[in-house]
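**Student:** Would you be able to build a 3D model of this:
(chains A and B)
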Amino acid sequence: EDKVVQSPLSLVVHEGDTVTLNCSYEVTNFRSLLWYKQEKKAPTFLFMLTSSGIEKKSGRLSSILDKKELFSILNITATQTGDSAVYLCAHYNQGGKLIFGQGTELSVKP
Amino acid sequence: DGGITQSPKYLFRKEGQNVTLSCEQNLNHDAMYWYRQDPGQGLRLIYYSQIVNDFQKGDIAEGYSVSREKKESFPLTVTSAQKNPTAFYLCASSMSVGRGRYEQYFGPGTRLTVT
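**Tutor:** Residues are numbered from 1 along each chain as shown, chains lettered A, B, ... in the order given. Modelled structure (predicted):
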């Protein structure tokens, strides 16, 4: 059974800190790995990763995939209170289904 | 304005009643999905549909039913057989997997409370 595990489950930091969120996966047929940010309501798409070692970057957020070790990380530099959210990692399997991890709840204090 | 809409935002029902949650998209996406989210948990797939008039069960389909009569619409019915229906329900859509685009876009969600 495909599985996605995120760590830590929750994290509290102060503005300006850098954080690293982890996502490990066990899947039978890897297609892609996705990161989403969920504030109060709908998850919003951040990144999709399909190849190892290629960093995707958007402003202060970046993500990379390691297909050999079966994990991905999401980095946020110079955190702001607006970064407070639940960050979801998901694997897209060959059957067209997204398998989500439990999420990491990030709280950024002023 | 392109996007996914869900209605209503909040829904309250008595135990034993069926309730239907609406999901509409104007993104011309082929695939649509329904997820359930409980506090402190990730999203779990209820049903999904890759094309009109066809849908498949997800991981937690028991007590739910769907239809896909139009490309734009994918309503979810929560039946009285669903043992713990109180949850946050999210609808999503994506381009067909066969076209090589995978990201799913989510609607704003419906929070259902059953008492």
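
**Student:** alpha carbons only for contacts and neighbour counts from here, please
**Tutor:** Will do.

**Student:** Could you tell me how far the residue of chain A positioned farthest from its centre is located from B:Gln6?
**Tutor:** Relative to the mean C-alpha coordinate of chain A, counting by Cα atoms, centre = their mean, the farthest residue is A:Pro110 (22.8 Å). In this view, A:Pro110 and B:Gln6 are 34 Å apart by Cα to Cα, to the nearest Å.

**Student:** got it, and A:Phe47?
**Tutor:** Distance, A:Phe47 to B:Gln6, by Cα to Cα: 24 Å.

**Student:** Can you list the neighbours in contact with stretch A:82-102?
**Tutor:** A:2-6, A:9, A:23, A:25, A:27, A:29-40, A:103-108, B:40-45, B:97, B:102 (Cα atoms under 8 Å, 6 or more residues apart in numbering or on different chains).

**Student:** same thing but at 7 Å, please
**Tutor:** Outside of stretch A:82-102, the residues within contact range by Cα atoms under 7 Å, 6 or more residues apart in numbering or on different chains are A:4-6, A:23, A:29-39, A:103-108, B:41-43, B:97.

**Student:** Would you mark the buried spots in that stretch?
**Tutor:** Going by neighbour count (16 or more other Cα atoms under 10 Å in any protein chain shown), the buried part of stretch A:82-102 is A:83-93, A:96-102.

**Student:** sorry, back to before: which residues touch the residue farthest from the centre of chain A?
**Tutor:** Applying Cα under 7 Å, 6+ apart, the residues contacting A:Pro110 are A:14-15, A:81.

**Student:** what do you get if the cut-off is 10 Å, keeping everything else the same?
**Tutor:** A:13-16, A:79-81 (Cα atoms under 10 Å, 6 or more residues apart in numbering or on different chains).

**Student:** Low-confidence ranges, the chain, go.
**Tutor:** Here I'm looking at chain A. Residues of chain A meeting the criterion pLDDT under 70: none.

**Student:** switch to chain B, that's the one I care about
**Tutor:** B:1-2, B:97-101.
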